[in-house]
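Visitor: 3D model of this:
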Amino acid sequence: MSNVIVENSLNSFAPQSQWLEHVWIGMRLDVQLLDHHNSRFHSELIGYRLGRFILVRFDEQALPPKLSLNGLVAVCRFLVEDSVGECYAFKSQVLNAVRLPDKLLFLSFPTEIHRRPLRTTRRVSISIPASIQLRTGHGQVGKAYDGLITDISQVGCRFRFAPNHKGHKVNLLPVQINLHGQEGQPQRQIQGLVRNSKMEDTGLCVGIKFDEIQADFDETMWTSEP
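Guide: Predicted structure coming up:
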């Protein structure tokens, strides 16, 4: 059990009052079983009943077919991208496991959820037209993809592709962010690296870390009225 990280320093909240604010159907959930092997695997949240259970689907190859799961304690973790970015974790128990017609786990609804920030700098929630391009080397860039910057700080930002974008994932590659800006806001090109990507209800989003700190991107720049 020493591998399980649910730190005492984390903040916690009552899940029934805030659960809906932080989870969505289809989100990725990391599950670690407290068995002899500390089995750990990714799963997909496909449903829940507040106060009763959580239903997740796991991969065909994630667990040995003969492993008895009922009654095992599980530690579940998931990420929430907001102004700071946080990791959430909770303990649960396997109520039932179904292997046909799909691999499903019924987990007890958590009584407590812990969270901790992932970033050292706070991001400001905004909505700025922008585009990104893949950096192909020797100062060259690829096709520009339109979208919005949905949060930003001196060290990184979050970019949401336009609704008509067909992709479902972006590789962790160097990109150029083109800030189109608005009145009173900068228009510039910034080099960065895609650190994560995921599909959300609003479309495909990527988290980008800037190659260099943008010292003038302070909070007042993005929150002041024109």
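Visitor: CA atoms for contacts and neighbours, from now on please.
Guide: Will do.
Visitor: Quick check: the gap between the residue nearest to residue 75 when sequence neighbours are not counted and residue 207.
Guide: Taking CA to CA, 6 or more residues apart in numbering as the measure, residue 75 lies nearest to residue 91, with 4.6 Å between them; neighbours along the chain are not counted. Going from residue 91 to residue 207 by CA to CA, to the nearest Å gives 28 Å.
Visitor: What of residue 151?
Guide: Taking CA to CA as the measure, residue 151 and residue 207 are separated by 9 Å.
Visitor: What of residue 135?
Guide: 16 Å.
Visitor: which residues in the protein form strands?
Guide: Listed in chain order, the strands of the chain (DSSP state E) span residues 11-13, 28-33, 40-49, 53-58, 73-80, 86-98, 104-108, 113-117, 124-137, 140-152, 156-161, 174-179, 188-200, 203-210.
Visitor: Name the stretch among those that sits most buried.
Guide: Using mean count of other CA atoms under 10 Å, the stretch among the strands of the chain with the greatest mean number of neighbours is strand 156-161 (a mean of 24).
Visitor: Other residues contacting it?
Guide: When contacts are taken as CA atoms under 8 Å, 6 or more residues apart in numbering, the neighbours of strand 156-161 outside the stretch itself are 123, 145-152, 192, 202-210.
Visitor: so how far is residue 32 from residue 77?
Guide: 9 Å.
Visitor: what's the answer for residue 212, then?
Guide: Taken as CA to CA, the span from residue 212 to residue 32 is 36 Å.
Visitor: now swap in residue 73 and tell me
Guide: Relative to residue 32, and taking CA to CA, residue 73 is found at 9 Å.
Visitor: just residue 127 next, same as before
Guide: Distance check for residue 127 against residue 32: by CA to CA, it reads 36 Å.
Visitor: again, but for residue 180
Guide: Applying CA to CA, one obtains 43 Å for the distance of residue 180 from residue 32.
Visitor: Have a look at this structure and report the helix or strand with the lowest mean pLDDT.
Guide: Of all the helices and strands that make up the chain, strand 11-13 has the lowest average by mean pLDDT, DSSP states H and E, namely a mean of 56.
Visitor: nearest residue to residue 88 other than its sequence neighbours?
Guide: When the adjacent residues along the chain are set aside, residue 88 lies closest to residue 115, with 4.3 Å between them (CA to CA, 6+ apart).
Visitor: ok, that neighbour touching residue 79?
Guide: No - at 9.3 Å, residue 115 and residue 79 do not qualify as touching, with contact defined as CA atoms under 8 Å.
Visitor: Pull up the overlap in contacts between the two.
Guide: With contacts defined as CA under 8 Å, 6+ apart, the residues adjacent to both residue 115 and residue 79 are 86-88.
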